[in-house]
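Asker: structure, please.
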Amino acid sequence: MKLKRILLALLCLFSGVSTGFAQDLPAVCYVYRIGEINVVLYYDAEHREPFDVHLEYPENFTDTLFCTTFDKQRARYEFKSKQTDSFASLPACSEKDPQQLELSLTIKGRTRKLMLDNFENTLFVYVYDETKGDTNIRNAPKGTIVHKLDKDGSHMLNLGNNKDGWWRICGNFVASYGEVYEGELPIRQDGESWIHYSVVAVGTRNYGEQTLKLREQPSGQARAVYTFSKEITLRPLDKRGEWVKVQTLDKKHQGWIEEEWLCGNALPAHRFNYVIVQTTEEIKYEEEHLLSFHCARAKCMATGTGSAA
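Answerer: Numbering: from 1, shown residues only. Modelled structure (predicted):
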């Protein structure tokens, strides 16, 4: 059931963490993947101060870096492990709900600068590359290629901010499902990763042939520029709150649509149904317990009902 674990990870990234504070205090998590290590920073929901940093290793070992001090002179929080020699520091942030936080992390004497992401406001998509060859991931818009994704499997990822047609990949990993590999595939050792909008996509969730509309502006009151009732594939261009600007594959239509009507699950329907079909009670459990960590992304798990007019 590896596939199910992958999809649950997309519902709540790194949800396997069990912490004392997580059960008592609402928290927001910021994440990054280094090889086989999941780096998770927990902040209180009001974003007043961080709790701690978790380094999740394979075999269910978690190294907790506790927030020990606040260096007023350097305006940064400092974290230290009680089990290993790992430590970290985090600049104080005045922004209320930042999308990213820069963590300086030292493991076994090596220091890395990591841009940790809050996945709550990211866009969940899949790779849909119609070009020949592998799909390129770069270190910056139009930058150097740092990773390639093959065409043999299905790849899903979360997108953050965008610039000139390029999307920043959050968390430094891609959830991949193929014949050879299943799991969270790390992209690089540190730094950012970017992918072009023309090789990623989302599907629409009008499974019951609901009528959906692309609008001129990100508002339900804006003029509709394209109307359809069949499921279609769209390219994401921009995101503002709960609205996503998209483009049809033939590039003839583009406009804004509410994110709740989009699905970033790349798995073929027969595999998706085989693994993911669950009872109402199971889905409710996942929504209540996994989504409560504020790391939820795969909204397509819910059934598409209601009117989008």
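Asker: just for this protein, where's the confidence low?
Answerer: Within the chain, the set of residues satisfying pLDDT under 70 comprises 1-26, 94, 96-97, 268-309.
Asker: what bridges to the residue most central in space within it?
Answerer: Most central in the chain under Cα atoms, centre = their mean is residue 158, positioned 3.3 Å from the mean C-alpha point. Following DSSP bridges, residue 158 is listed with bridge partners residue 124.
Asker: equivalent analysis for residue 89, please.
Answerer: residue 78, residue 104.
Asker: does it really touch residue 75, like I thought?
Answerer: No. If you go by Cβ atoms under 8 Å, residue 89 and residue 75 don't touch, sitting 10.5 Å apart. Any C-beta I mention is one placed from the backbone N, CA and C, and that applies to glycine too.
Asker: more neighbours, the two?
Answerer: More neighbours surround residue 89 than the other of residue 89 and residue 75, with 18 against 11 (other Cβ atoms under 10 Å).
Asker: which residues in this structure form helices?
Answerer: Taking DSSP state H, the helices of the chain run over residues 2-11, 20-24, 269-276, 280-289.
Asker: how near is the residue lying farthest from the centre of the chain to residue 254?
Answerer: Within the chain, the residue lying farthest from the chain centre (Cα atoms, centre = their mean) is residue 73, at 34.0 Å. Taking Cβ to Cβ, to the nearest Å as the measure, residue 73 falls 50 Å from residue 254.
Asker: now do residue 155
Answerer: Counting by Cβ to Cβ, the separation of residue 155 from residue 254 is 24 Å.
Asker: so these two - more neighbours on which side?
Answerer: Taking neighbours as other Cβ under 10 Å, residue 155 and residue 254 compare with residue 155 leading, 23 against 17.
Asker: which non-adjacent residue is nearest the more buried one?
Answerer: Counting by Cβ to Cβ, 6 or more residues apart in numbering, residue 155 lies nearest to residue 127, which is 4.1 Å off, once chain neighbours are set aside.
Asker: and that neighbour, how far is that from residue 195?
Answerer: Relative to residue 195, residue 127 is positioned 8 Å away (Cβ to Cβ).
Asker: need the residues touching each of those two.
Answerer: Common contact partners of residue 127 and residue 195 (Cβ atoms under 8 Å, 6 or more residues apart in numbering): 135, 157.
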